[in-house]
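Q: 3D, please:
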Amino acid sequence: MANVSAATVTAAQNGDRLALEKVLSSVEDLIHGLARRILVNPEDAREATQEILIQILTKLSTFRNESAFSTWAYQVAVRYLVKAKKLRDRDLGLTFEVFAADLETGLVADPPEAPDQALLLNELRVSCTMAMLLCLSLDLRLAYVLGDVLELDHLEASKILELTPATFRKRLSRARAGVEGFTSRHCGLVASEAKCSCPRRLPAAINGGRVQAGVYPNSAESHIGYVQARQQIDAVVDDLKTLKLQHSVPAHACPDDIRTRLRRILSPEL
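A: This is a model prediction of the structure:
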């Protein structure tokens, strides 16, 4: 999403309703995309997105045009995500070791084909790709999502996280090592010798309620399916496969009901 102009932000700061809507529209998808990749759980991300967007509206007067508006909005979002105790309390404390053990439980060597096999495999692929980032601590997860998933310039990412560029690069390096090490050992989409693959894992995921036919909260917005994602990952060299896997997760646009609710805050007479 392109940044809004300084004139539009100034008009919004002066109370222009249409300008406020433009300002909000410019960052809604960015904020929800960040919340989904950091929190993973759709309902937690919805709750966070709404509260962050309200904070952006209420703090708008503090924006001084010292950075791109989106950079400032991301800063507001990160501060919320770091400080929201109710979100931290829901942290599962997942580690790569625990996640790997879970993935390798109930694998089926020659799995039967399930109804809606293609859709279920894609939901499992996207869900697992997102969930593995929960194995990173929050500070490393933020660095990885901003730096490698959203591919922000490192100077911008360090500004958002309020870190020196050197500290940001160290965190990103540690996060990459964790994610790449895990996927190269345990993800069949990245490493052919890995025990786990989506088809072998699917029966256990269905039985455990991890995926369900007709319910695709993580992959519904995906523009590619499981087979296409696998082909794209196979086509890149080894050290880029993990990055390709993470980039094959959909962007997750801001839900329409949140947009509507915020418009009602701006224009309660409507």
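Q: Now the residue positioned nearest the centre of the chain. Nearest residue, chain neighbours left out?
A: The centre of the chain sits closest to Arg37, judged by CA atoms, centre = their mean, with a distance of 1.6 Å. With CB to CB, 6 or more residues apart in numbering as the measure, Val145 is the residue that lies nearest to Arg37, at 4.7 Å, once sequence neighbours are left out. Just so you know, the C-beta spots here come from the backbone N, C-alpha and C atoms, and that holds for glycine as well.
Q: Report the contact partners of the one you found.
A: Each residue near Val145 by CB atoms under 8 Å, 6 or more residues apart in numbering is listed here: Leu34, Arg37, Ile38, Leu133.
Q: okay, how far is it across stretch 193-203, tip to tip?
A: 20 Å (CA to CA, to the nearest Å).
Q: what about it, average pLDDT?
A: For stretch 193-203, mean pLDDT rounds to 94.
Q: Buried residues, it. List them.
A: Of all the residues in stretch 193-203, those buried under the rule 16 or more other CB atoms under 10 Å are Ala194, Cys196, Ser197, Cys198, Pro199, Arg200, Arg201, Leu202.
Q: give me the element the second one is part of.
A: What it means is Cys196. Using DSSP states H and E, no element contains Cys196; it sits outside every helix and strand.
Q: ok, it - contacts?
A: Residues in contact with Cys196, defined by CB under 8 Å, 6+ apart, are Leu103, Glu104, Leu107, His186, Cys187, Gly188.
Q: before we move on, which element is the residue nearest to the centre of the chain in?
A: Here Arg37 is covered by helix 17-39, with elements defined by DSSP H and E.
Q: Next secondary structure after that helix?
A: Going down the chain from helix 17-39, the next helix or strand is helix 42-58, by DSSP H and E.
Q: What's the mean pLDDT across that following helix?
A: Here the average pLDDT along helix 42-58 is 95.
Q: could you give the angle of whichever helix or strand comes after it to helix 17-39?
A: Tracing the chain C-terminally past helix 42-58 and defining elements by DSSP H and E, one meets helix 69-83 next. The directions of helix 69-83 and helix 17-39 differ by 50 degrees, with axes from the mean of the first three to the mean of the last three CA atoms, to 10 degrees as the criterion.
Q: Could you pull out the strands in the stretch 151-270 of the chain for me?
A: With strands called from DSSP state E, counting those that start in this stretch, the stretch 151-270 of the chain shows none.
Q: Low-confidence stretches in it?
A: In the prediction, the stretch 151-270 of the chain carries residues with pLDDT under 70 at positions 268-270.
Q: any chance you could map the helices in it?
A: Taking DSSP state H, counting those that start in this stretch as the criterion, the stretch 151-270 of the chain carries its helices at 154-160, 165-186, 198-207, 226-234, 238-247, 256-266.
Q: quick one: the fifth one to helix 17-39, angle?
A: Taking the same axes, to 10 degrees, one finds that helix 238-247 is oriented at 130 degrees with respect to helix 17-39.
Q: Can you list the neighbours in contact with helix 238-247?
A: Around helix 238-247, the neighbours that count as contacts under CB under 8 Å, 6+ apart are 129, 133, 148-149, 176, 179-180, 183-184, 187, 189-191, 229, 232-233, 236.
Q: same thing but at 10 Å, please
A: Contact with helix 238-247 is made by 37, 125-126, 128-130, 132-133, 144-145, 148-151, 176, 179-184, 187, 189-191, 229-230, 232-237, as judged by CB atoms under 10 Å, 6 or more residues apart in numbering.
Q: Buried residues of it, list them for me.
A: Of the residues in helix 238-247, those buried by neighbour count under the rule 16+ other CB under 10 Å are Lys241, Thr242, Leu243, Lys244, Leu245, Gln246, His247.
Q: How about stretch 153-173?
A: So stretch 153-173, judged by 16+ other CB under 10 Å, has buried residues Glu156, Ala157, Ser158, Lys159, Ile160, Leu161, Leu163, Phe168, Arg169, Arg171, Leu172.
Q: Can you tell me which of those residues lies closest to Gln117?
A: Taking CB to CB as the measure, Leu172 is the one of these closest to Gln117, at 36.4 Å.
Q: got a list of what that closest one touches?
A: With contact taken as CB under 10 Å, 6+ apart, Leu172 is in contact with Leu140, Leu142, Ala143, Tyr144, Leu146, Gly147, Asp148, His154, Ala157, Ser158.
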